[in-house]
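S.K.: quick check, what structure comes out for this input:
(2 chains)
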Amino acid sequence: MIETTANPEAPARREGEQPAPDTDHVDEPQRTARGWGAGKAAAAAKRVDLRGVNLFYGDFHAVADVDMTIEPNKVTALIGSSGCGKTTVLRSINRMHELTPGARAAGEIEIDGENIYAPGVDPVVVRRLVGMVFQNPNPFPTMSIYENAAAGLALNSAKLSKSELDEVVERSLRGAHLWDEVKDRLDKQGSGLSGGQQQRLCIARAIAVEPEVLLMDEPCSALDPVATLAIEDLLQELKATYTIAIVTHNMQQASRASDHTAFFNLERSGDPGRLIEIGETTKIFSNPDKQATEDYVSGRFG
Amino acid sequence: MSGPRAGSPTEARKLLAGSGKRGSLPDGASWMAVGAAAIVVAALLLVTGIFAAGFLVVGTMVIASIGIYAWSRSVEGARSAKDRLMSMAIVSAFALAMIPLVSLLWTVVSKGINRFDVEFFTESARGVIGAGGGASHAIVGTLVITGIATLISVPIGLMAAIYLNEYGGDSRLRRALTFFVDVMTGIPSIVAGLFAYALFEIFFGPGIRLGVMGSVALTVLMIPIVIRSSEEILKIVPNHLREASYALGTPKWKTIIKVVLPTALAGLVTGVMLAIARIVGETAPLLVTTGVIDSMNANAFDGRMQNLAVYAYNEYKNPGVPPEPSFDRAWTAVLVLILIVMALNLIARWVYRRFGTEIR
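M.R.: Prediction:
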């Protein structure tokens, strides 16, 4: 399904089905791509709108009728009990959801006003715009720290000189607060790092391709409190450049690190998960509109 | 219960006190039992006059097992005795399984060493009737035939495995292919030989014999093995690595080439090595495809070609005059074949240790 031309600038892509305005949109990441390492200012953060999003795994209706906005330059936390569809919603924003066999999505998700589920939009291009950090740190085991940080560029065959690549790697590792710890062993395996360092390496890998939106799926659940704090601090810096959505089970983390909070819940097991409430984090945690949210954030539920 | 509650101190003390037997056997008691049993059995066999290594080993195992059980039971109690009995039984089963292997290796080495000389590797069997001569043509033939078979099988097998594991999903085609790969694994090797013969006969007429025909026959045997082993290895590449690559905006084909295959590389190489080891000693399919020849022919596309297994078979089946030098050459050919297989296995292990990626 995601099988496409490797190089988005290939002629086949150019002669694509897109009408003019959409073509402009699809071309957007290419401009970014050409600018890699060329001293271009970081990509601008983009607003993400979900409208009437329904997500399915085969016949199972996992998430129903989600309407929400993820604001640019803000950290939006997705909270809720296990199985309520937070991660599924997150994965639909970079079209990773449909990689699960039988999974499909309905509704519209717009990044900066362009529907990423419009016919003819290449999921591979969407994923270059929307980076992702996973629950468990997953650096590529065959690659060194340097190669991991440069992986997004190498895998997308960006034509960069050695010095440009060096620059991108250093900038990404600095951006992920990892540079000082690894600058003397860039050629060592990424799997030799501690869990927190590996996760920061994964963040560096994600930001090296300069996405416009950064998704994080419980990035701290496998980390100790010190490493968690380091990542939360990092979030505050990254939000200057990116739109960030983070799924977390840790309520304190949501209240500490996020600007907006979206609470998901499901009526009972087997029902689709729904967005109950979204708003300023301070409001959600102190004075939510819905009783279910109040119950959840205060630890009383059921 | 009228007595003390279960789990009370009195009850626990009773349990810990155990069966009352508090002794333990000396260190190396098992070996003592084996030694004593061996002496007893050897004596018995010598007295009855039916001494043979096989009887000695089997008898020693049985007597030693019974002996260690009785000894341990009288000193250590029933539970330890059962433990020692089972340990002895398991080690005995292992020893039993090793007997044919050791016996075979010993026979091959002791008989093959006679002609394991420089001449064997430099001379062909051309014009040799009695002593002398060698198997250089068969060694070259083995390498060429197996090499071509590998060159054909590895790309086909690897790509089939990639299809099955990365693209097949749960489709009917995938299930059908998996089924037929399993069926192909069980094809008798002579059938593969006859297939290759029938195929080439269509184009070149009856009686055709070419080295490359043997390669095609071996390919039929090798492809399913390569598919199977590669598929298993690709299966254990964790999905989170693929997802990490997709999330960077990498297309699927590039994810497979740059992330999945490098992660699985050591396992893939090992699988191919073992598949080569499996086909390098094939005899029947080569007998009907490459034929028998006494002189050097390194061109797989021109006439008959010799191979070590066929060479050994032929030296034994059609010995010269006197026959003994032919038999010696046959044994040496088998020894060389075993050494090649062993080398392939060692290389496979080394590759896996040296380049193996720690897969989580």
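
S.K.: how about the residues of chain A near chain B?
M.R.: Taking C-beta under 8 Å from any C-beta of the partner chain, the part of chain A that reaches chain B is made up of A:2-6, A:29, A:94, A:96, A:99, A:101, A:124-129, A:131-132, A:134, A:136, A:138, A:140-142, A:151-152, A:154-157, A:191, A:202, A:205-206, A:209. Where you see a C-beta, it was placed from the backbone N, CA and C, and this is true even at glycine.

S.K.: of the residues you listed, which belong to helices?
M.R.: When DSSP state H is applied, these are split such that A:29, A:124-129, A:151-152, A:154-155, A:202, A:205-206 fall in helices.

S.K.: A:Pro72 versus A:Lys239, what's the distance?
M.R.: A:Lys239 sits 9 Å away from A:Pro72, taking C-beta to C-beta, to the nearest Å as the criterion.

S.K.: closest residue of chain B to chain A?
M.R.: Nearest to chain A in chain B, going by C-beta to the nearest C-beta, is B:Gly249, at a distance of 3.1 Å.

S.K.: around that residue, how many other residues sit close by?
M.R.: Neighbours of B:Gly249 under the rule other C-beta atoms under 10 Å in any protein chain shown: 26.

S.K.: name the SS class of A:Glu110, please.
M.R.: At A:Glu110, secondary structure determined by DSSP: H, G, I helix; E, B strand; the rest coil is strand.

S.K.: which residue, neighbours along the chain excluded, lies closest to the closest residue to chain B within the stretch 1-150 of chain A?
M.R.: For the stretch 1-150 of chain A, the residue positioned closest to chain B under C-beta to the nearest C-beta is A:Arg128, at a distance of 3.1 Å. Counting by C-beta to C-beta, 6 or more residues apart in numbering or on different chains, the nearest residue to A:Arg128 once its immediate chain neighbours are dropped is B:Gly249, at 3.1 Å.

S.K.: more neighbours: A:Lys239 and A:Pro72, which one.
M.R.: A:Lys239 (21 against 18).

S.K.: the more buried one and A:Glu71 touch, don't they?
M.R.: No: here A:Lys239 lies out of contact with A:Glu71, judged by C-beta atoms under 8 Å, at a distance of 9.9 Å.

S.K.: any common contacting residues for the two?
M.R.: By C-beta atoms under 8 Å, 6 or more residues apart in numbering or on different chains, A:Lys239 and A:Glu71 have these common neighbours: A:Asp259.

S.K.: I'd say B:Val341 and B:Val280 touch.
M.R.: Yes: because the distance of 6.3 Å satisfies C-beta under 8 Å, B:Val341 is recorded as touching B:Val280.

S.K.: in PDB, could you pull the C-alpha coordinates for stretch A:86-102?
M.R.: Output of stretch A:86-102 as PDB, limited to C-alpha atoms (Å, rounded to 0.1, in the frame of the first residue of the first chain):
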ATOM      1  CA  LYS A  86      -5.300   7.100  22.200                       C
ATOM      2  CA  THR A  87      -2.500   5.300  20.400                       C
ATOM      3  CA  THR A  88      -4.800   4.400  17.500                       C
ATOM      4  CA  VAL A  89      -5.700   8.100  17.100                       C
ATOM      5  CA  LEU A  90      -2.000   9.100  17.300                       C
ATOM      6  CA  ARG A  91      -1.000   6.500  14.700                       C
ATOM      7  CA  SER A  92      -3.700   7.700  12.300                       C
ATOM      8  CA  ILE A  93      -2.100  11.200  12.200                       C
ATOM      9  CA  ASN A  94       0.900   9.900  10.300                       C
ATOM     10  CA  ARG A  95      -1.000   7.100   8.600                       C
ATOM     11  CA  MET A  96       0.800   4.400  10.500                       C
ATOM     12  CA  HIS A  97      -2.600   3.000  11.600                       C
ATOM     13  CA  GLU A  98      -3.300   1.500   8.200                       C
ATOM     14  CA  LEU A  99      -0.100  -0.600   8.300                       C
ATOM     15  CA  THR A 100      -1.900  -3.000  10.600                       C
ATOM     16  CA  PRO A 101      -3.500  -5.600   8.400                       C
ATOM     17  CA  GLY A 102      -7.200  -5.000   8.100                       C
END
